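Asker: No sequence on hand, only this structure:
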DNA sequence: TTGTATGCGTTATCAA
DNA sequence: TTGATAACGCATACAA
């Protein structure tokens, strides 16, 4: 428990004085510099512990121009996919001796901009970002790029050219799989409840959906295609619009699991049998999809793999550092997999 | 998009030179110091923008001994309750001009210790922590306390005396409410599937459970009381043990929602009717409890309120600063509320 | 209202 | 292998 004088912090000068060594030697010992006598190093370590010395990151960062800290910006930590990704990133970075500053943009472009300022002010060694769905202008990331600080985008990445590294799931493939799965299960009239086309995610998924439909010569009813924020409420409205007409869908490809859940709930209320009269697929394989009745077929995005790859690529970029380009020119694509459940009647 | 020379960063000296002013004036202008001519301030701001100046947090923090950064340690961001709390904390801190560094302990005491070192090295202005369930020794927080840095514990807090501020839900009350609810619904043989007694959470809830049972002269079967990590697997094992006997419970007070969900699933598999033959309550009001069939009665902990109060208290501690004690002697208690659902048959 | 001078704690450069 | 010294970028006490 507490005790002792307040506010004074021991520094390397205190260690130096106690050991009759120079501060430079203390610094070297503490940083595993090769040119330090083993005995000296041991002495320093002991005295550091004894005095309760703790490095001041600000001082060392200021001098060395390295912080061993990585910044992360995500829309929300509460989304299952993102929560898993950041857990992996933090654990993997920790193994490499790096720290992580996690920041939430709350899906606000303004907040995202402010956070880039904050993280730049902290002079993070690299930045990892999953952008807002509304982020179409990425110029607030320029300061990092211009300064030679690696930037890695994942999940929601800039559309078009940008001097950063991209790591993303195969959204085209995921949509293609989901749509084909519905078709194979017998669906002929398939709706696509998707997110805003400002995001690469939904552009790619729309393409995957269309490809599968075309290949099976199924027509796409424009009244059954939605591009809007993927909230529970929006999903309900979409369902209502579709099911108050004479001709209704027999399959719904929902672009996130919240939407799929809303669809299931709507069907239950209206007495529409799932999967008999209506088949539904979600996206992301959120744990809720396995719990609800009927359970929901969804697309697994392997968040842990995404996190691992991000750190792998980051470490490469951070060690290369040989003034080469601080980004990968080719995007890293993470595979996806369809998890079949009750809502499409194909599996238990 | 990118462009321009790499690695050079404009400093206040560059602004000073461009404006033929002294660095001190620039610093004052940038920090809203009162003694700066309005025109000068405007000029400085303009030039700062023009030169793409961005403050170096490390330099200013080193000099001023303030970082305007708060550290946060939690077991996992993926738990619904914690995700909500940190979102609120970050948003509220942002309004006060503070930044938040979020760190996960992964429920590992070792990691928690390391994270305190990291955050101390970053010289955060205050620390917020929800401890591991296994944290019984809190001495790794001493360095903050000794240094006069405010520490706020929430949710999982030290048992006993410690020179820090405590903010917690009323766990006794929550357990008391849940148990009484089961009793009012007609349960006579109630099981308590709870977490490790090393944590204040489960100590308090055990007491609330016992109080309610006693008041209604119901006996507690020790074979139906579990204190173990609250995982899905452990919950299944507990259910199996209880339901392979001749006499089985007719009510289960589960101390988290994952456990309640596992109980529901077990009951479904075994053909035990919920809520007719068995009534179940969870804890935390995780969104999953509303989605599963039957929906699960649970205890709402008002995470947003917890987050708001944390920041309120923190701001008080940070502004007092008048060398008074940097903690509240009385714990702040956040109320709880029972949300009645299908699993206890009392509400829809 | 502004300028001068100094130091925060550490690491890098150079010399020994 | 170690030491002396400067410098990182900024904020502040004091002087003007």
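Answerer: Everything's here; your move. What you see is a predicted model; the values in this text were computed from it and never measured.

Asker: Could you point out which residue ranges in chain A have low pLDDT?
Answerer: Counting by pLDDT under 70, chain A contains low-confidence residues at A:1-7, A:321-325, A:346-348.

Asker: Would you map the helices across it?
Answerer: A:12-19, A:23-30, A:38-51, A:57-64, A:80-95, A:109-121, A:142-147, A:171-184, A:200-215, A:232-243, A:257-270, A:288-291, A:303-320 (DSSP state H).

Asker: residues of the third one that come out buried?
Answerer: I take that to be helix A:38-51. A:41, A:43, A:44, A:47, A:48 (16 or more other CB atoms under 10 Å in any protein chain shown). Where C-beta positions appear, they are placed from N, C-alpha and C, glycine not excepted.

Asker: contacts for it?
Answerer: A:10, A:14, A:15, A:18, A:19, A:21, A:25, A:26, A:29, A:30, A:53 (CB atoms under 8 Å, 6 or more residues apart in numbering or on different chains).

Asker: of all the residues you listed, which two lie farthest apart?
Answerer: A:10 and A:25 (16.2 Å; CB to CB).

Asker: Which one's more surrounded, the two?
Answerer: Ranked by neighbour count (other CB atoms under 10 Å in any protein chain shown), residue A:10 and residue A:25 place residue A:25 first, with 21 against 15.

Asker: Now do the contacts for that one.
Answerer: So residue A:25 contacts A:16, A:36, A:40, A:44 (CB under 8 Å, 6+ apart).

Asker: Go again with 10 Å.
Answerer: Counting by CB atoms under 10 Å, 6 or more residues apart in numbering or on different chains, residue A:25 makes contact with A:12, A:15, A:16, A:19, A:33, A:35, A:36, A:37, A:40, A:41, A:43, A:44.

Asker: how close does it sit to residue A:47?
Answerer: Residue A:25 sits 12 Å away from residue A:47, taking CB to CB, to the nearest Å as the criterion.

Asker: got it, and residue A:28?
Answerer: Taking CB to CB, one finds residue A:28 at 14 Å from residue A:47.

Asker: What's the PyMOL syntax to select whichever of the contacts of helix A:38-51 are buried?
Answerer: In PyMOL syntax, the buried subset of the contacts of helix A:38-51 is picked out as below (16+ other CB under 10 Å):
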select buried, chain A and resi 14+15+18+19+21+25+26+29+30+53
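
Asker: For the contacts of helix A:38-51, give me CSV that also has distance to residue B:344.
Answerer: Formatted as CSV, the contacts of helix A:38-51 follow (distance: CB to CB, whole Å):
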residue, distance to residue B:344
A:10, 58
A:14, 62
A:15, 62
A:18, 65
A:19, 67
A:21, 69
A:25, 68
A:26, 64
A:29, 63
A:30, 59
A:53, 56
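
Asker: circling back to that earlier point, out of the contacts of residue A:25, who's near DNA strand C?
Answerer: Counting by CB under 7 Å from any atom of the strand, the subset of those that neighbours DNA strand C consists of residue A:12.

Asker: list the contacts for the residue sitting nearest the centre point of chain A?
Answerer: With distances taken as CA atoms, centre = their mean, residue A:82 lies nearest the centre of chain A, 4.7 Å away. By CB under 10 Å, 6+ apart, the residues touching residue A:82 are A:72, A:74-76, A:102, A:104, A:130, A:154-155, A:284, A:303, A:306-307, B:77-78, B:83.

Asker: Ok, residue A:204 next?
Answerer: A:159, A:168, A:169, A:170, A:171, A:172, A:173, A:174, A:175, A:176.

Asker: Name the nearest of those relative to residue B:234.
Answerer: Nearest to residue B:234 among the contacts of residue A:204, with distances taken as CB to CB, is residue A:169, at 32.5 Å.

Asker: Which residues are in contact with residue A:153?
Answerer: A:73, A:127-131, A:135, A:138, A:141, A:162, A:164-168, A:200, A:310, A:327, A:331.

Asker: same question, residue A:16
Answerer: A:22, A:23, A:24, A:25, A:26, A:27, A:44, A:47.

Asker: okay, among those residues, which ones form the most distant pair?
Answerer: A:24 and A:47 (15.5 Å).

Asker: first vs last residue of stretch A:272-291, how far apart are they?
Answerer: Using CA to CA, to the nearest Å, one end of stretch A:272-291 lies 20 Å from the other.

Asker: for DNA strand C, what are the nearby residues on chain A?
Answerer: A:9, A:11-13, A:23-24, A:26-27, A:30-31, A:53, A:55-56, A:59-60, A:62-64.

Asker: give me that answer again for 6 Å
Answerer: When proximity is defined by CB under 6 Å from any atom of the strand, chain A lies next to DNA strand C at A:9, A:11-13, A:23-24, A:27, A:30-31, A:55-56, A:59-60, A:62-64.

Asker: Quick check: which of the residues you listed are also close to chain B?
Answerer: Among the residues of chain A next to DNA strand C, the ones lying close to chain B by the criterion of CB under 10 Å from any CB of the partner chain are A:9, A:55, A:56, A:59, A:60, A:62, A:63.

Asker: From residue B:197, how far out is residue A:319?
Answerer: Distance from residue A:319 to residue B:197, by CB to CB: 47 Å.

Asker: Pull the number of nearby residues for the residue nearest to residue A:277 when sequence neighbours are not counted.
Answerer: Nearest non-adjacent residue to residue A:277, counting by CB to CB, 6 or more residues apart in numbering or on different chains: residue A:250, 6.9 Å away. By the criterion of other CB under 10 Å, residue A:250 has 19 neighbours.

Asker: re the thing from before, kindly supply the PyMOL command isolating those of the contacts of residue A:82 that are buried.
Answerer: Under the burial definition 16+ other CB under 10 Å, those of these that qualify are selected in PyMOL by:
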select buried, (chain A and resi 72+74+75+102+104+130+154+155+284+303+306+307) or (chain B and resi 77+78+83)
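
Asker: Out of the contacts of residue A:82, which sit inside strands?
Answerer: A:72, A:74, A:102, A:104, A:154 (DSSP state E).

Asker: Quick check: the two most widely separated of those?
Answerer: A:104 and A:154, at 15.3 Å, using CB to CB across those.

Asker: quick one on the thing from earlier: filter the contacts of residue A:204 down to the buried ones, PyMOL style.
Answerer: Remark: buried members of these, expressed as a PyMOL selection using 16+ other CB under 10 Å:
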select buried, chain A and resi 168+169+170+171+172+173+174+175+176
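
Asker: Could you export the contacts of residue A:204 as CSV, including distance to residue B:345?
Answerer: Formatted as CSV, those follow (distance: CB to CB, whole Å):
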residue, distance to residue B:345
A:159, 52
A:168, 46
A:169, 42
A:170, 46
A:171, 43
A:172, 47
A:173, 45
A:174, 40
A:175, 42
A:176, 45
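
Asker: Pick out whichever of the contacts of residue A:204 sits closest to residue A:267.
Answerer: residue A:175 (21.5 Å).

Asker: Without its sequence neighbours, what residue ends up closest to the closest one?
Answerer: Closest to residue A:175 by CB to CB, 6+ apart is residue A:208, at 2.9 Å.

Asker: pretty sure the one you found contacts residue A:180?
Answerer: Yes: if you go by CB atoms under 10 Å, residue A:208 and residue A:180 touch, sitting 9.3 Å apart.

Asker: Comparing the two, which residue is more hemmed in?
Answerer: Neighbour count, other CB under 10 Å: between residue A:208 and residue A:180, residue A:208 has more, with 23 against 18.

Asker: Run through the residues that contact that one.
Answerer: A:170-180, A:192, A:253.

Asker: distance of residue A:28 from residue A:35?
Answerer: Taking CB to CB, one finds residue A:28 at 7 Å from residue A:35.

Asker: cool, residue A:118 as well?
Answerer: 38 Å.
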